[in-house]
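A.B. asks: Any chance you could fold what I've pasted below:
(chains A and B)
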Amino acid sequence: MGSQGGWGQSKEFLDLVKSIGEARSKAEEDRIVLQEIETLKRRINEPDVPRRKMKEYIIRLVYVEMLGHDASFGYIHAVKMTHDDSLLLKRTGYLAVTLFLNEDHDLIILIVNTIQKDLRSDNYLVVCAALAAVCKLINEETIPAVLPQVVELLGHPKETVRKKAIMALHRFHQRAPTTMSHLISNFRKRLCDNDPGVMGATLCPLFDLITEDANSYKDLVMSFVSILKQVAERRLSKAYDYHQMPAPFIQIKLLKILGLLGSGDKQASGAMYNVLEDIFKKSEPSSNIGNAVLYECICCVSSICQNDKLLKTAAEVTSKFLKSESHNLKYMGIDALGRLLKRNPEIAEEHQLAVIDCLEDPDDTLKRKTFELLHKMTKSSNVEVIVDRMIDYMISISDNHYKTDIASRCVELAEQYAPSNHWFIQIMNKVFEHAGDLVDVRVAHNFMRLIANGEDDEGAGSQLRSSAVVSYLHILAEPKLPSVFLQVICWVLGEYGITDGKFSASYITGKLCDVAEARSNDDTVRAYAIAAIMKICAFEIAAGRKVELLPECQSLIDELSASHSTDLQQIAYELQALLGLDARAVETIMPYDASCEDIEVDRSLSFLNSFVNQSLQNGARPYIPESERPGTLNISNYGAHDQLEAPSHALRFEAYELPKPSPPPIPPALLAAAPVADLVAVPESAYFSTEPHQPSEPLGGAAMSPAEHGLRLRLEGVQKKWGRPSYSSSSSSSSSSAPSVSAPSAQKPANGVANANGAAAAAGAQARDSSYDSRRNPLVEVSAEKQRLAASLFGARLQEESRRRRPHPPPGAEP
Amino acid sequence: MGIRFVLLVNKQGQTRLAQYYEYLTLEERRALEGEIVRKCLTRTEQQCSFVEHRNYKVVYRRYASLFFLVGVDNEENELAVLEFIHLFVETMDRHFGNVAHFMLEEMVMNGCVVETSKSNILAPIQLMDKAA
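C.D. replies: Numbering: from 1, shown residues only, chains lettered A, B, ... in the order given. Reported below is the predicted structural model:
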């Protein structure tokens, strides 16, 4: 690229390129490049660099970034170069800028002005340079700055300008489709442009539009057919020929469009048959590009309404592809076969030998393509063979992305076409074993559900489960099983391990303990293991047998009781509690084989009614619902955190009004409107009876601004330090540290929804501290971004909090 | 949309030209280029010129010691892209000088191939030459 020096590069640059080319290691290359960066940094910031030199420096910067090193110190110079009057320099500047920057970059603002000016230039080459930059750098916000001018350029006398203007509009449509809806007619108009280049360019945005909504463009079918016909008949200038094919790239685009328009529409399809036949005849099968057009034709034919003659021709062409020596053509052939399958299911059989060859070819790309084809061809008669092969292939892949892909295909096919549950389990075991952690966890859950009640016949069902248990005990001997697989195994052993009496409870329990011990880092697996142990104990007790815990089992329980994972702790305690219950109770709590039964939840806790009544009679205070408690914020409003209107307790996103002089005690409803007087050191009593100002203030920190702007804080006697270290808890003189730090228990902190449930006072105070920290930054107005951020913060917080509080259901109860 | 990137890479895996049609940071580009180049360079002459990478495809073509790599969406016609690379090379052939970037700019916009007539591609560049 730089070796010719035909553009006036200095010897220095040529030497640089040469030395990079000759570098023998990445480290050496990096060293050279870093040195170059130092040189450029020095030179480029000198005053009065001659323009030609600057151009070269910028090209060298492009070079440096291409090799992966940051050259952002030079970006501004590239921006400056776009202002240059010389076409070459200006264009180099634009090129550099499009390579360096992206649409979200801060420097874009500096360029928009230049682009606007250049779009109006007399020199059409300058206009083109600007349009090319528009296509790369204009984003949704800057579209309005250039849109009118671009639309005007659609009528420019020069075709190359019109072509680029169309692509600029295309870009606008990609970035902001709604703003463009009134301009779509422009695309239709340019389709009829005199210049084939402009017409060809218009096909790009039209393709996008038709992909989104084919129905609105059905009226263009005849136009497209006519254009394609003319192209095929060589009515365009020879300049568009490529390897004896007339404008093949345009033909391909048209074929794609026609395929979309004809799909499912008999009338539209009918209009196309003739021209498609023509294309089949005229395309040259001895050249790559000819075959590319033929392939596209096949795609079109297979997606529009059926026409037997065309399908026959398509099948013949596909045949030739598959028989070819070239791997590329075989690849295209396999793909074409997959598309034709839905029109003619037998077609794959006719070519089965060729397909098998491709399957066994060492070329990975071809193999994968063939698996895609097999996926489409799977029926219950061939599913076993196909899936077996897929699994073998899957085991051989090391790339996780592909492994996941093939694993999911296997699962999909197995679920859909499995000839027997037994086979299904074998297959799933293999998938779990080799790709367990790549597969969606729902697959494991579905699998467990299937084992639980997959068979209609009870006898078959229990046989299935027994064989599952046996095979899993066997598999446990293997090292390094994926976590998901172990979870499944534990679950199965827990539910059904001792059902048929083949294995003793202590044997199974022992195995489960081994698993838990081997995976001391994996909390999920341990949870499944201990839950399984619990089930086994439960079944033993329910059957009237005494449970003798193995020593390693007991130590596992002890360990888990002290685990930092609350889930594990919970299960451990539950197990211990269970061991003390009698058979009948246990049977009710943990019935056998009830993993798929629904659990009824009585949300009103009505079964506790008698307990409550009795307590009330004994003098306990009745429960006061939150909405009736004096001056507390209504927590339920947090659920509507994305409603931005301001009910009095909800978050406010508008700034508060300026504070008024300190008022008498204020009822909570009005508090949001009369904020910050409280910052003044009012006497404690007045402060206590009013509710603290913090609850209704948003974390975004809008609240405090008026005070800190307008009024001066009366801080006499107040300790200067804010924040945690100076916070003295509870009743200490309120004049120390922040005035609101008083009797924590009376207040509800703003953050931490979880704390609203009466968490420790310390937690409440801490939360308040952090909310103070955020409020200390004065904000005059809350921008839209902050609103969104607040909404998403709360949304995320809420979900996180509630998830943590919800107890983790034991695996058996989770279908 | 369509074409995601165009790369020219030498036999040693050094990038000689890079044009991206979607935004990737410098680190992402390096990682991507490394991975793809490794994949393509290890393939033999007989094998397909197409390689699947993540959720898109790379079409590549070798000219002496230079590899042309084009990343495309799954819906693209691979043979057509293969030929597009060749068109690019032929066009460059007709013109000497350090203009690969400008040529590509004439041929591809928004990730779509917009110009395939060599004279149309070269005309603006030749004019620019004259103006320089």
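A.B. asks: can you tell me which residues contact A:Asp84?
C.D. replies: Going by CB atoms under 8 Å, 6 or more residues apart in numbering or on different chains, A:Asp84 touches A:Arg51, A:Lys90, A:Gly93. All C-beta atoms are positioned from the backbone trio N, CA, C, and that covers glycine.
A.B. asks: which residue ranges form the helices in the stretch 501-650 of chain A?
C.D. replies: A:505-518, A:523-542, A:551-561, A:566-579, A:583-589, A:609-617 (DSSP state H, counting those that start in this stretch).
A.B. asks: Compute the distance between the residue of chain B found nearest chain A and A:Met245, please.
C.D. replies: Distances between chain B and chain A by CB to the nearest CB are smallest at B:Leu79, namely 3.5 Å. Per CB to CB, to the nearest Å, B:Leu79 is found 12 Å from A:Met245.
A.B. asks: before we move on, what about B:Arg16?
C.D. replies: Applying CB to CB to B:Arg16 and A:Met245 gives a distance of 29 Å.
A.B. asks: Residues contacting stretch A:121-136, please?
C.D. replies: Here stretch A:121-136 has contacts from A:82, A:87, A:90-91, A:94, A:97-98, A:103, A:111, A:114-115, A:118-120, A:146, A:150, A:153, A:156, A:158, A:160-161, A:164-165, A:167-168, A:170-171, B:105, B:109-110, B:124, B:127-128, B:131, using CB under 8 Å, 6+ apart.
A.B. asks: nope, stretch A:332-352 is what I was after
C.D. replies: Contacts for stretch A:332-352 (CB under 8 Å, 6+ apart): A:291, A:295, A:298-299, A:302-303, A:306, A:311, A:314-315, A:317-322, A:324, A:354-355, A:358, A:366, A:369-370, A:372-373, A:376-377, B:78-79.
A.B. asks: when you check those against the helices, which ones overlap?
C.D. replies: Per DSSP state H, helices hold the following members of the contacts of stretch A:332-352: A:291, A:295, A:298-299, A:302-303, A:311, A:314-315, A:317-322, A:354-355, A:358, A:366, A:369-370, A:372-373, A:376-377, B:78-79.
A.B. asks: that older thread, selection in ChimeraX covering whichever of the contacts of stretch A:332-352 are buried, please.
C.D. replies: Typed into ChimeraX, the next command selects the buried ones out of the contacts of stretch A:332-352 (criterion: 16 or more other CB atoms under 10 Å in any protein chain shown):
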select /A:291,295,298,299,302,303,311,314,315,317,318,319,321,322,324,354,355,358,366,369,370,372,373,377 /B:78,79
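A.B. asks: Pull the contacting residues for the residue of the stretch 201-350 of chain A found nearest chain B.
C.D. replies: Of all residues in the stretch 201-350 of chain A, A:Ala292 sits closest to chain B, at 3.5 Å by CB to the nearest CB. Counting by CB under 8 Å, 6+ apart, A:Ala292 makes contact with A:Pro248, A:Ile252, B:Asn77, B:Leu79, B:Ala80, B:Leu82, B:Glu83.
A.B. asks: Likewise for B:Tyr60?
C.D. replies: Residues near B:Tyr60 by CB under 8 Å, 6+ apart: B:Cys40, B:Ser49, B:Phe50, B:Val51, B:Phe67, B:Phe68, B:Leu69, B:Val70, B:Ile85.
A.B. asks: List the buried residues in stretch A:401-412.
C.D. replies: A:Tyr402, A:Lys403, A:Thr404, A:Asp405, A:Ile406, A:Ala407, A:Ser408, A:Arg409, A:Cys410, A:Val411.
A.B. asks: from those residues, which are also near chain B?
C.D. replies: Restricting the buried residues of stretch A:401-412 to those touching chain B (CB under 8 Å from any CB of the partner chain) yields A:Tyr402.
A.B. asks: Including secondary structure and distance to A:Asn446, could the buried residues of stretch A:401-412 go into JSON lines?
C.D. replies: Listed next are the buried residues of stretch A:401-412 as JSON lines, based on DSSP: H, G, I helix; E, B strand; the rest coil; distance: CB to CB, whole Å:
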{"residue": "A:Tyr402", "secondary structure": "helix", "distance to A:Asn446": "23"}
{"residue": "A:Lys403", "secondary structure": "helix", "distance to A:Asn446": "20"}
{"residue": "A:Thr404", "secondary structure": "helix", "distance to A:Asn446": "17"}
{"residue": "A:Asp405", "secondary structure": "helix", "distance to A:Asn446": "19"}
{"residue": "A:Ile406", "secondary structure": "helix", "distance to A:Asn446": "19"}
{"residue": "A:Ala407", "secondary structure": "helix", "distance to A:Asn446": "14"}
{"residue": "A:Ser408", "secondary structure": "helix", "distance to A:Asn446": "13"}
{"residue": "A:Arg409", "secondary structure": "helix", "distance to A:Asn446": "16"}
{"residue": "A:Cys410", "secondary structure": "helix", "distance to A:Asn446": "14"}
{"residue": "A:Val411", "secondary structure": "helix", "distance to A:Asn446": "9"}
